[in-house]
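**Student:** sequence and predicted structure are below.
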Amino acid sequence: MNLYPWQQENWRHLQNYVVQKRVPQALLINGTLGIGKQKLAEQFAYALLCNTPQTDGMSCGQCSSCLLIKAQTHPDFMVIEPEEDSKTKKPKTSIGIDQIRTLMEKLSLKPQFERYRVILIQPADALNHAAANAFLKYLEEPTERTVLILVTHRMNKLPATIKSRCQKFTLSLPDQSLVLPWLKQQLANGNAEIVLNLAQGAPLLAMQYANDAHLEQRRDCFNAWLSVASQQSHPVVIAEQWLKLPETTLLFWLNSWVIDMMRYRYQSEPKNLYHIDFKMPLSDLAQRINALKLYDFYDLLLKSRRRLETPINKQALWEEILIAWAQLNRES
């Protein structure tokens, strides 16, 4: 399995652990969503298990160990992730205590082969409270030749006791000069720069945005938002339409439109814009709307993000936001 073009330096860092014979017993790989942490973690696991690694440290893909990994039957490689819900057939949101107990039973035995035993936990922040406590007990007394690799993009969701017992490896956002050529090769629609800006530099997230009608849905929402601003659509009508959309995605769009407006307002040459294809309407709004009231509206959006985590009436939430948006434009 090849790494992404922007991961070569990350790979050299991991290989230093092997060369120096200082492979951490617990490695916590963290970084922004959509930059390839899982692929990097998997390749490191395969390399640790491989009998005949290549000169660059990558797994050979041909030895008995690599073949067992491909067949998903390697006895010394385990992946812990949210299980599928038997009713919905979709992954659960958390890793439960029973999964960790089963893992502990297996780890009480010695590795079957002479190299490492590797446990990959992804996402590590999915460990529920009971599972995290049980896992912590193992971290305090790890077994021989066992390497734990935890992957997360939400470090703040992990208990401090677990983070303190891991070697942390933080991945930065990749350089755009490495990402953009790769992304242009993957996409035939010419939207590489648009989706990369929307994903704020995260290439795999950009791929997701490009491949699932995300851009079309975003444009429809933006046009509805503009129509409320110009009093051509009623906030209640649009709020009802927005109930069909993913809540966190929609709120992210609203926040990022306002952030772009603020940048247009105060920067002569705005950088790090989310929506470069909406330049004209957003810059026009930025110059027309009262800046102080725009900040008040942004505060409302931030509060709404926290309220989304509660059992709030979603239509009432969108109505409140859109009515405030309409009022803001009427007063400008």
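**Tutor:** Looks like it arrived, so ask away.

**Student:** quick one: contacts for the closest residue to Glu140 other than its chain neighbours?
**Tutor:** Distances taken as C-beta to C-beta, 6 or more residues apart in numbering place Arg165 nearest to Glu140, at 7.2 Å, with adjacent residues excluded. Every C-beta, even on glycine, is put in place using the N, C-alpha and C of the backbone. Applying C-beta atoms under 8 Å, 6 or more residues apart in numbering, we find Arg165 in contact with Ala26, Leu136, Leu139, Glu140.

**Student:** which SS class is Arg165?
**Tutor:** Look at Arg165: counting by DSSP: H, G, I helix; E, B strand; the rest coil, its state is coil.

**Student:** for it, give me phi and psi.
**Tutor:** phi -100, psi 10 (degrees, to the nearest 10).

**Student:** confidence score at it?
**Tutor:** Note for Arg165: predicted pLDDT of 94.

**Student:** same question, Val237
**Tutor:** pLDDT, Val237: 96.

**Student:** does it sit in a helix or strand, and which one?
**Tutor:** Using DSSP states H and E, Val237 sits within helix 235-242.

**Student:** next, the buried residues of that helix.
**Tutor:** Pro235, Ile238, Ala239, Trp242 (16 or more other C-beta atoms under 10 Å).

**Student:** so after that helix, what's the next helix or strand?
**Tutor:** The helix or strand immediately downstream of helix 235-242 is helix 247-266, counting by DSSP H and E.

**Student:** tell me the average confidence for the helix or strand following that next one?
**Tutor:** Downstream of helix 247-266, the next assigned helix or strand under DSSP H and E is helix 279-288. Averaging pLDDT along helix 279-288 gives 94.

**Student:** kindly reformat the contacts of Arg165 as TSV containing pLDDT and secondary structure.
**Tutor:** Below are the contacts of Arg165 laid out as TSV (pLDDT from 0 to 100; DSSP: H, G, I helix; E, B strand; the rest coil):
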residue	pLDDT	secondary structure
Ala26	96	strand
Leu136	93	helix
Leu139	91	helix
Glu140	88	helix
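
**Student:** so which of those wins on neighbours?
**Tutor:** Among those, Ala26 has the most neighbours (other C-beta atoms under 10 Å), with 21 neighbours.

**Student:** distance of that residue from Arg288?
**Tutor:** 54 Å (C-beta to C-beta, to the nearest Å).

**Student:** how about Pro203?
**Tutor:** Pro203 sits 35 Å away from Arg288, taking C-beta to C-beta as the criterion.

**Student:** which one of the contacts of Arg165 is nearest Ile276?
**Tutor:** Ala26 (40.8 Å; C-beta to C-beta).

**Student:** dig out what that closest one forms beta bridges with.
**Tutor:** For Ala26, the beta-bridge partners are Leu148 (DSSP bridges).

**Student:** per-residue confidence averaged over stretch 96-116?
**Tutor:** 92.

**Student:** what lies in contact with stretch 70-88?
**Tutor:** Applying C-beta under 8 Å, 6+ apart, the set of residues contacting stretch 70-88 is 45, 49, 61, 65, 68-69, 90-96, 99-100, 103, 106, 111-113, 115-123, 126.

**Student:** likewise for stretch 47-64?
**Tutor:** With C-beta under 8 Å, 6+ apart, stretch 47-64 has contacts from 1, 3, 11, 14-15, 18, 23, 43, 46, 65-66, 69-70, 74, 76-77, 113, 115-116, 118, 147.

**Student:** narrow the residues you listed to those in helices?
**Tutor:** Judged by DSSP state H, helices contain the following of these: Trp11, Leu14, Gln15, Val18, Gln43, Tyr46, Ser65, Cys66, Ile69, Lys70.

**Student:** quick one: buried ones out of those?
**Tutor:** Members of these classed as buried by 16+ other C-beta under 10 Å are Trp11, Leu14, Gln15, Gln43, Tyr46, Ser65, Cys66, Ile69.

**Student:** any chance of the residues you listed in TSV, plus pLDDT?
**Tutor:** Below are those laid out as TSV (pLDDT from 0 to 100):
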residue	pLDDT
Trp11	97
Leu14	96
Gln15	95
Gln43	97
Tyr46	97
Ser65	96
Cys66	95
Ile69	96
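
**Student:** where does the prediction get shaky in the stretch 151-300 of the chain?
**Tutor:** Scanning the stretch 151-300 of the chain for pLDDT under 70 picks out nothing.

**Student:** quick one on the thing from earlier: just want to know which of Pro203 and Arg288 has more residues nearby.
**Tutor:** The neighbour comparison of Pro203 against Arg288 (other C-beta under 10 Å) goes to Pro203, with 26 against 11.

**Student:** work out for me the element the residue nearest to the more buried one when sequence neighbours are not counted sits within.
**Tutor:** Excluding its sequence neighbours, the residue lying closest to Pro203 (C-beta to C-beta, 6+ apart) is Val179, at 4.6 Å. Assigned by DSSP H and E, Val179 falls within helix 176-186.
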